[in-house]
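Q: sequence first, then the predicted structure:
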Amino acid sequence: MFLIRMCRRPLIPLLLLTEFMLSACFLSVNEKTLRENQASIEQLYDTAVVECRVLPKTVTGGRFAISPFSARALCRQEAVDSYFCVLKDPCYLTQDGPEGNMIVACGTNDLAVFCREMYVTVMLDETYRDVDFKEDAAVCLLDEDMAEELGYRPKDTISVMGGDENGHYTEKAAPQELTVIGTYKNGGSMVEKGAILVPESRFYTRGEKRLTYDAASQNRWYYYIKFSFTLHPAYNRDLERVTAELEEAVSHLTGLDKVEYTLYVGSRELEQALRPLENKTALQQRLSLPMQAAFCVLSAALTLLLAAGERQEILIRRLGGESGTRVLVSTWAALCLLLSLLVLPSLLVAQLLWKGAQTAFLLKSAAVSMFLGGLLLLILCRRKLIALYQRQD
Amino acid sequence: MTGLELDHVGFTYPKAKRSVLSDVCASFAPGTISAIRGYSGAGKSTLLYLIAGLDVPTRGQLRWNDQPVLTGDLTEYRRRVVSLIAQSYLLFPNRTALENVCYPLLLAGKSRQEAETEAREHLRSVRLGEELYRRLPGRLSGGEQQRVAIARCLASHTPLIAADEPTGNLDEENAREVMGILQKLAEEEKKTIVIVTHDRMIADLAQKQYILSQGQLLTE
């Protein structure tokens, strides 16, 4: 009967239902996007790789040439995850004559990055697809034209030897046997024509068997011509401090011709992705509480209106001889039943949209409304009948 | 059966300096309609509220059939003794005419079917068209609403009816019709009816008339 009577004057119950639905939808969507944004932020911090490049400090650029020793000292900083380098040195192909052909050996520790940075296309023989230039592999890649000219094919072995301090062929340096694993096509002017591409480790491993013959030649020729490194994602949250420490370390680097260096930290991409997300998340967090309060106040206000609308019913029932307590209990129970029925679809919607804290909020909001509605009904039921009647009149 | 007796009844509103009713003495016998008139603010409505059990006198005593009302339970008094007919009809706004009349019957413990059957009889006795039984009060005219209110009084089976300006919102024709129903109730069912009105014509239809002046009830 009570529900039938409510259906006869459904405006406030409908408004309440709408309010509960709106709050369920808004809070669910807000919480859902908030959690998603927070997860995205976490994921960005956990996975974003910040690349740092060491660059000459001069306005015009200057020749980039830093010692591998000081570069590796930089890499020993705990925030540094990995590095990429390119170094080159004159060397000789020893089997083509007594003095061999002087060529350039170009070393790197990461073939993929090398290709990207130096505009080179690599054609690996399928047997060697898994060759890792970070490892100490005795392998090389030949310039496509040179390989064709000299008749080298993948799996062939070539013998190379480093130069002396003047860059000349010397028999003091023992030759290295390198397996040809493929060819490359030079797409730019970054790599000298006819250079052989070798793993970085070929330049300094195994005593005499290295492309740099001795300390003197090392000091003269053995420089990184490209060097960058990446930071460990664990330090992404502390990027400011880490950057300051690395900048300090880089400022002490001196390279060939006393060129000074500076550090470029590629964190802009990370910041560009993070900042809008963080701003949005902060706004959502700030909005959440006031919106909850507003929804709670609105539902309470509508419930109070509903309870106030019972004034005449209460008066008639008490005039009819029902006790105030009986009227209060039955009216409040009916109000609670109505609110429960109205909040149920909203709870369902909230569960469907996002299983989160908004369910608890909806229940709390309904409970607050029930309490305040009950309080108003208590006042009305305890009020002197004469006052209630005169007010009604 | 002596009906209602007011024994030196006085009433002062809380925080008010002056008494609205100072010393009211009167008796209202069963089977009669008594009209109380007076100027606005004279206290006639207040007196009716005391008779209807809305509040208790600050002085004096009300007796119903020689039993003091104030020592008993006012809730019980309102349920068993008195019914109130108000100028604003005082009907449940979201219950139909029939449901409004059913209310006291259901409260008395009758089944819904019994209540509906009896309520229909009461509505017929106040000459309300059957097509109006399922209408909400908002969709009835003033005269029709007042008839529903009277039918509800009948359904409550109370011997005393307190009517607060029962024709105040009605046109002359409807007012006469409502008064006719009340007269019939007094004559046939021996109800004690006390009407507060400022309408001389309505008061003239009552067997006894009183004037409330300066807190005292005077026989006209």
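A: Cool, the structure landed. Numbers count the residues shown, from 1 in each chain, chains lettered A, B, ... in the order given.
Q: B:E114: what secondary structure?
A: At B:E114 the chain is in helix, as set by DSSP: H, G, I helix; E, B strand; the rest coil.
Q: so it sits against B:L105, correct?
A: Yes. If you go by C-beta atoms under 8 Å, B:E114 and B:L105 touch, sitting 7.1 Å apart. Every C-beta, even on glycine, is put in place using the N, C-alpha and C of the backbone.
Q: between the two, which one's more packed in?
A: Regarding B:E114 and B:L105, a neighbour count based on other C-beta atoms under 10 Å in any protein chain shown identifies B:L105 as having more, with 22 against 14.
Q: quick one: buried residues of stretch B:202-220?
A: Using 16 or more other C-beta atoms under 10 Å in any protein chain shown as the test for burial, stretch B:202-220 gives B:202-203, B:205-206, B:208-212, B:215-217.
Q: for the residues you listed, which two are the farthest from each other?
A: Using C-beta to C-beta, the two most remote members of the buried residues of stretch B:202-220 are B:L205 and B:G215, lying 26.1 Å apart.
Q: so what's whatever residue of chain A ends up closest to chain B closest to, chain neighbours aside?
A: Closest residue of chain A to chain B, C-beta to the nearest C-beta: A:G321 (2.3 Å). In space, and not counting its chain neighbours, A:G321 is closest to B:R79: 2.3 Å by C-beta to C-beta, 6 or more residues apart in numbering or on different chains.
Q: give me the phi and psi angles of B:S213.
A: Per-residue torsions, B:S213: phi -140, psi 130 (degrees, to the nearest 10).
Q: doesn't B:A42 make contact with it?
A: Yes. In this structure, B:S213 is within contact of B:A42 by C-beta under 8 Å, at 6.3 Å.
Q: for A:S251, grab the count of nearby residues.
A: Neighbour tally, A:S251, other C-beta under 10 Å: 13.
Q: tell me the pLDDT of it.
A: pLDDT, A:S251: 82.
Q: also B:S27?
A: Per the predicted model, pLDDT is 90 at B:S27.
Q: pLDDT at the closest residue to chain A within chain B, what is it?
A: Chain A sits closest to B:R79 of chain B, with a gap of 2.3 Å, by C-beta to the nearest C-beta. We note a pLDDT of 89 for B:R79 in this prediction.
Q: circling back: quick one: secondary structure of the residue of chain A closest to chain B?
A: When classified by three-state DSSP, A:G321 comes out as coil.
Q: can you tell me which of the buried residues of stretch B:202-220 end up in strands?
A: Among the buried residues of stretch B:202-220, the residues falling in strands (DSSP state E) are B:208-212, B:216-217.
Q: turn these into CSV, columns for pLDDT.
A: Output for these, formatted as CSV (pLDDT from 0 to 100):
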residue, pLDDT
B:K208, 90
B:Q209, 91
B:Y210, 91
B:I211, 90
B:L212, 88
B:Q216, 83
B:L217, 84
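Q: show me the domain layout of chain B.
A: B:1-81+B:159-220, B:91-157 (automatic domain parsing).
Q: any weak-confidence spans in chain B?
A: B:71-72 (pLDDT under 70).
Q: longest helix in it, please.
A: helix B:172-189 (DSSP state H).
Q: which strands border whatever helix or strand comes next after that helix, and is each parallel or antiparallel?
A: Once helix B:172-189 ends, the next helix or strand along the chain (criterion: DSSP states H and E) is strand B:192-196. Strand B:192-196 pairs in its sheet with strand B:33-38 (parallel), strand B:160-164 (parallel), by DSSP bridges.
Q: which stretches in chain B count as strands?
A: Under the criterion DSSP E, chain B contains strands at B:4-11, B:21-28, B:33-38, B:59-64, B:67-68, B:82-85, B:160-164, B:192-196, B:208-213, B:216-219.
Q: contacts only, for the closest residue to B:P166 other than its chain neighbours.
A: Excluding the flanking residues, the one nearest B:P166 by C-beta to C-beta, 6+ apart is B:I85, at 4.8 Å. Contacts for B:I85 (C-beta atoms under 8 Å, 6 or more residues apart in numbering or on different chains) come out as B:146, B:149-150, B:153, B:161-164, B:166.
Q: cutoff 10 Å now
A: Shown in contact with B:I85 (C-beta atoms under 10 Å, 6 or more residues apart in numbering or on different chains): B:52, B:146, B:149-150, B:152-153, B:161-167, B:178, B:182, B:193, B:195.
Q: can you check A:F295 too?
A: A:19-20, A:22-24, A:26-27, A:358, A:361-362, A:365.
Q: apply 7 Å and report the result again.
A: A:19, A:23, A:365 (C-beta atoms under 7 Å, 6 or more residues apart in numbering or on different chains).
Q: B:D199 too?
A: B:T167.
Q: A:L353 contacts A:S28, doesn't it?
A: Yes. Using C-beta atoms under 7 Å, A:L353 is in contact with A:S28, at 3.6 Å.
Q: looking only at neighbour counts, state which of the two leads.
A: Neighbour comparison, A:L353 and A:S28: the larger count goes to A:S28, with 23 against 17 (by other C-beta under 10 Å).
Q: wait, which of the ones in strands among the buried residues of stretch B:202-220 is closest to A:F227?
A: B:L212 (108.7 Å).
Q: which residues touch the residue minimising distance to the centre of chain B?
A: Central residue of chain B (C-alpha atoms, centre = their mean): B:A162, 2.2 Å from the mean position. By C-beta under 7 Å, 6+ apart, the residues touching B:A162 are B:48, B:51-52, B:82, B:84, B:194.
Q: excluding covalently adjacent residues, which one is nearest to it?
A: Per C-beta to C-beta, 6+ apart, closest to B:A162 is B:A52, 4.1 Å.
Q: ok, A:P345 - how many residues close by?
A: Residues near A:P345, counting by other C-beta under 10 Å, number 13.
Q: now B:V69: phi and psi?
A: Phi and psi for B:V69, reported as degrees, to the nearest 10, are phi -80, psi -40.
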